[in-house]
Every structure is written in structure tokens, then in C-alpha cells.
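Chemist: no letters, just coordinates:
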């Protein structure tokens, strides 16, 4: 389990994490953006696929796995929460 206290800096970060966990629970796709990089967050049961420009670029076994291992500019996804937006 991810230690959120180590990463969450403000209410917006916590709200964003809750959005992600809710999307996994309801299997809802999210269109996300980090700087100029847009991608699709697609929950498939417990697995999560990440799509960019119609290609699956990554697959993770859980949201915690994605948060720690999906890298954006050399840092894990969870360290980029302030820079991510839903569009």
C-alpha cells in the first residue's frame, strides 16, 4: 500500500487520488494530461491500461503499482500529481 502522507501535499492532490481510485472502482476511463503529454487511464478490473495516441503504452496490476511505477519525466506518477489534469 502506498504511503500517501509521503506524497500528498494538499487537498487537490488528495482529491485527484480519490478521483483515480473512484475511476478504478467504477471502471471509468479518464483522459489525463501531463504538460503536453495526453493519455487515457483505462481501468480493466484490477489492471489499469495507459493509452497514448491509440497505443497501449503500459499496463499495471493495480493503482498502487501505477502510482509508483508509471514514470513522467523521470519521476513516478504519484510525484506528478500537482502537474496532472483531467480533460
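Modeler: It's in. Here the structure is a predicted model, which means the values were calculated and not measured.

Chemist: longest helix in this structure, please.
Modeler: helix 11-26 (DSSP state H).

Chemist: I'd like the average pLDDT over that one.
Modeler: Mean pLDDT, helix 11-26: 93.

Chemist: elements contacting it?
Modeler: Other helices and strands packing on helix 11-26, by 3 or more Cβ pairs under 8 Å, 6 or more residues apart in numbering; DSSP states H and E, are helix 4-7, strand 30-34, strand 37-44, helix 63-69. (Glycine included, C-beta is placed from N, CA and C.)

Chemist: redo the ones you listed as JSON lines? Include mean pLDDT.
Modeler: Converted to JSON lines, the helices and strands packed on helix 11-26 look like this (pLDDT from 0 to 100):
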{"stretch": "helix 4-7", "mean pLDDT": "79"}
{"stretch": "strand 30-34", "mean pLDDT": "98"}
{"stretch": "strand 37-44", "mean pLDDT": "97"}
{"stretch": "helix 63-69", "mean pLDDT": "95"}
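
Chemist: of those, which is nearest residue 79?
Modeler: helix 4-7 (6.4 Å; Cβ to Cβ).

Chemist: contacts for the closest one?
Modeler: Helix 4-7 is touched from outside by 13-14, 17, 78-79, 81, with contacts defined as Cβ atoms under 8 Å, 6 or more residues apart in numbering.

Chemist: of the residues you listed, grab the buried ones for PyMOL.
Modeler: Buried subset of the contacts of helix 4-7, written as a PyMOL selection, criterion 16 or more other Cβ atoms under 10 Å:
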select buried, resi 13+17+78+79+81
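
Chemist: closest to residue 2 among the contacts of helix 4-7?
Modeler: residue 78 (6.7 Å).

Chemist: next, count neighbours for the closest residue to the closest one other than its chain neighbours.
Modeler: Nearest residue to residue 78, sequence neighbours excluded (Cβ to Cβ, 6 or more residues apart in numbering): residue 67, at 4.1 Å. A count of neighbours around residue 67, defined by other Cβ atoms under 10 Å, yields 21.
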